[in-house]
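*Asks:* Sequence and computational prediction follow.
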Amino acid sequence: MHLLVIGGSDAGISAALRAHELAPDTEITLLLADDYPNFSICGLPYFLSGETPDWRDLAHRSEFPGIDVRRRHVARSIDPGARRVRVEHDGRERDIDYDRLVIATGARPIRPSLPGSDLDGVFLLHTMDDSFAVKNHIAHRHPRTAAIVGAGYIGIEMADALTQTGIAVTLFSRSETVLPTVDPSLGRLIQTELERHDVRVETGVGVERIEQVAGGESASLSLTDSSGRLHQADLILLAVGVRPDSDLARAAGANLGARDAIAISRAMETSLPDVFAAGDCVETHHRQLADPTYISLGTIAHKQGRVAGENALGGDRRFPGTLGTQAIKIFDLAVARSGLSDSEAVAAGLAPLTVEVTANDHKGYYPGATPLTIRMTGDRHTGRLIGAQILGHRGAEISKRIDIVAAALHHYAGVDDLNDLDLSYTPPFSSPWDPVQIAAQAWLAAARD
Ligand SMILES: Cc1cc2nc3c(=O)[nH]c(=O)nc-3n(C[C@H](O)[C@H](O)[C@H](O)COP(=O)(O)OP(=O)(O)OC[C@H]3O[C@@H](n4cnc5c(N)ncnc54)[C@H](O)[C@@H]3O)c2cc1C
């Protein structure tokens with residue numbers, strides 16, 4: 001049995017590790033296009049901010065026992081009939097045969113098709129090499145100003161990171177509020193936090209073009225926004241999202257699904273025989289949605305990779321589905337979500353009711369209590385929990401609280417089940433009713449009205 005894995009990040013490494021764990025005698029070859037197997041690209045903003053000064057520390061692991069890891073080996077094509085992959089390394093091509101194949105080619109950042117988007121000083125951020133390019137630019141060109149196009153979580157994390165290096169940041173958001181994956185009321189609180197740290201936030205504007213500015217030591221680029229205004233920047237980061245890297249699979253004849261990601265079964269099988277796929281290159285099953293969707297998250301990639309690795313060896317594991325649970329730090333704030341928002345629930349044909357409450361993270365008489373804003377959504381007909389979003393101080397255990405919600409959602413709990421949970425309490429950490437339970441009680445009261 002020869003298992004070949006294409007992709008050396010979260011999904012590919014998870015698949016290979018699981019296969020090796022289950023059957024140590026299996027011959028496993030893993031190809032990756034760059035030099036950085038299993039690096040945490042989620043940590044790139046912290047490398048660029050200087051909080052994690054050494055890029056080597058971003059490696060999830062550096063030893064891969066039982067796995068033949070081949071760096072700078074780029075898969076060029078797959079012949080599923082012959083079970084063979086054409087691979088390029090150091091300018092030479094050769095074929096590698098497989099018995100089972102896992103495709104884990106990830107995603108590519110979208111470079112918007114606006115004039116000047118490929119000029120010197122304009123960056124994307126997805127790979128280690130992308131981060132080195134930004135780091136070099138900062139080290140050698142000493143930018144004083146940066147424009148970030150896109151106010152999703154990567155754009156916002158980078159606004160935080162670049163500000164920490166002393167660069168004055170302007171953040172452009174096409175939507176009316178930043179971080180459109182959370183509701184506008186939370187987006188406005190995030191904007192306030194960004195502005196409190198001197199990030200200029202331009203909402204409801206797109207970017208039309210980027211141009212080189214002649215002369216000047218570092219001020220090198222100008223950006224024209226959709227209302228015709230001109231902005232100067234020494235560094236521009238384009239963070240407008242990713243698209244699944246499904247080209248290899250498509251060319252081999254694999255079916256594509258949501259957002260042109262590789263279509264997969266719950267067992268992570270593609271439509272090609274003995275070919276599995278996982279991570280940002282595939283569509284994602286969501287526990288609350290009938291149809292597959294597309295969400296690119298490291299948490300999902302790890303889980304899907306593990307399932308693909310097990311099943312490639314003949315296992316019978318199913319990916320349980322995601323809830324899109326995620327958290328993000330913005331300066332002194334943390335914000336997190338799990339499940340569906342009100343508008344997503346409406347789109348899914350549900351009848352949501354959403355309440356917003358504010359409650360202290362722990363008892364007010366113990367020093368350091370800070371308010372949490374919690375938006376909780378449940379189904380007004382069935383009482384089932386649909387989702388929650390939580391925002392508060394970064395020290396306020398936001399992740400713990402969203403994970404309570406995620407665990408409840410995973411088991412299709414009702415909002416009242418949240419209230420029944422036996423959660424921990426001591427005054428420095430919480431209250432006898434945790435803020436999540438206070439939100440559940442507010443929801444139950446609103447549902448009764
Ligand atoms: C800045 C940033 C911050 C993030 N923060 C978070 C976070 O906080 N939480 C979270 O859950 N997620 C986060 N993510 C998303 C997360 O990093 C991705 O979902 C995850 O990396 C996906 O893993 P993957 O293995 O599917 O693909 P990728 O990480 O994209 O890796 C793809 C792999 O395939 C290889 N490859 C591609 N094509 C070929 C080819 N033809 N031949 C050989 N090898 C190939 C690449 O070299 C690479 O090794 C973040 C992403 C970024 C960029």
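*Replies:* Cool, got the structure.

*Asks:* got the contact list for the most centrally placed residue in the chain?
*Replies:* Computing the C-alpha centroid of the chain and ranking residues by CA atoms, centre = their mean puts residue 297 first, at 3.7 Å. By CB atoms under 8 Å, 6 or more residues apart in numbering, the contact set of residue 297 is 322, 324, 326. Yep, even glycine has a C-beta here, placed from its N, CA and C like the rest.

*Asks:* can you list those residues in a markdown table and add pLDDT?
*Replies:* Formatted as a markdown table, those follow (pLDDT from 0 to 100):
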| residue | pLDDT |
| --- | --- |
| 322 | 98 |
| 324 | 98 |
| 326 | 97 |
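
*Asks:* Would you mind measuring from the residue nearest to residue 128 when sequence neighbours are not counted to residue 93?
*Replies:* Nearest non-adjacent residue to residue 128, counting by CB to CB, 6 or more residues apart in numbering: residue 36, 4.4 Å away. With distances taken as CB to CB, to the nearest Å, residue 36 is found 23 Å from residue 93.

*Asks:* Counting neighbours, go ahead and name the busier of these two.
*Replies:* residue 36 (19 against 11; other CB atoms under 10 Å).

*Asks:* Am I right that that one is in a helix?
*Replies:* No: applying DSSP: H, G, I helix; E, B strand; the rest coil, one finds residue 36 to be coil, outside a helix.

*Asks:* Am I right that it is in contact with residue 130?
*Replies:* No: with contact defined as CB atoms under 8 Å, residue 36 does not reach residue 130; the gap is 11.1 Å.

*Asks:* got the residue ranges for the helices in the stretch 301-449 of the chain?
*Replies:* Taking DSSP state H, counting those that start in this stretch as the test, the helices found in the stretch 301-449 of the chain are 342-347, 398-410, 415-420, 435-448.

*Asks:* ditto for the stretch 51-200 of the chain
*Replies:* Using DSSP H, counting those that start in this stretch, helices in the stretch 51-200 of the chain cover 128-141, 153-164, 184-196.

*Asks:* mind listing what the one residue in the stretch 301-449 of the chain that gets nearest to the ligand touches?
*Replies:* Here the stretch 301-449 of the chain gets closest to the ligand at one residue, residue 301, 3.6 Å apart by CB to the nearest ligand atom. Counting by CB under 8 Å, 6+ apart, residue 301 makes contact with 9, 10, 11, 14, 104, 106, 278, 279, 280.

*Asks:* Within reach of the ligand, which of the residues you listed are there?
*Replies:* With CB under 6 Å from any ligand atom as the criterion, these include 9, 10, 11, 104, 106, 279, 280 near the ligand.

*Asks:* ok, now which ones touch residue 121?
*Replies:* Here residue 121 is in contact with 137, 141, 143, 220, 221, 234, 235, 236 (CB under 8 Å, 6+ apart).

*Asks:* where's it relative to residue 95, distance?
*Replies:* Counting by CB to CB - residue 121 and residue 95 are separated by 40 Å.

*Asks:* Number of residues surrounding the residue in the stretch 1-150 of the chain that the ligand sits nearest to?
*Replies:* Distances between the stretch 1-150 of the chain and the ligand by CB to the nearest ligand atom are smallest at residue 106, namely 2.1 Å. Residue neighbour count, defined by other CB under 10 Å, stands at 27 for residue 106.

*Asks:* So which bits of the stretch 251-400 of the chain are right by the ligand?
*Replies:* Residues of the stretch 251-400 of the chain lying close to the ligand (CB under 6 Å from any ligand atom) are 279, 280, 296, 297, 298, 299, 301, 326.

*Asks:* Give me the nearest residue to the third one, chain neighbours excluded.
*Replies:* For residue 296, ignoring the flanking residues on the chain, the nearest one in space by CB to CB, 6+ apart is residue 280 at 4.2 Å.

*Asks:* who touches the one you found in this structure?
*Replies:* With CB under 8 Å, 6+ apart, residue 280 has these contacts: 11, 106, 107, 242, 244, 245, 296, 301.

*Asks:* Next: residue 255.
*Replies:* Residue 255 touches 262, 263, 270, 271, counting by CB under 8 Å, 6+ apart.

*Asks:* mind running it again at 7 Å?
*Replies:* By CB atoms under 7 Å, 6 or more residues apart in numbering, the contact set of residue 255 is 263, 271.

*Asks:* Check the gap between it and residue 247 for me.
*Replies:* Distance of residue 255 to residue 247, computed by CB to CB: 14 Å.

*Asks:* I'd like the distance from the residue of the stretch 301-449 of the chain closest to the ligand to residue 279, if you could.
*Replies:* Residue 301 is 4 Å from residue 279, by CB to CB.

*Asks:* Run a quick neighbour tally on the residue in the stretch 201-350 of the chain positioned nearest to the ligand.
*Replies:* Closest residue of the stretch 201-350 of the chain to the ligand, CB to the nearest ligand atom: residue 279 (2.2 Å). Other residues near residue 279 number 35, with proximity taken as other CB under 10 Å.

*Asks:* Disregarding residues adjacent in the polypeptide, which is nearest to it?
*Replies:* Residue 279's closest residue in space is residue 11 (CB to CB, 6+ apart), at 2.7 Å.
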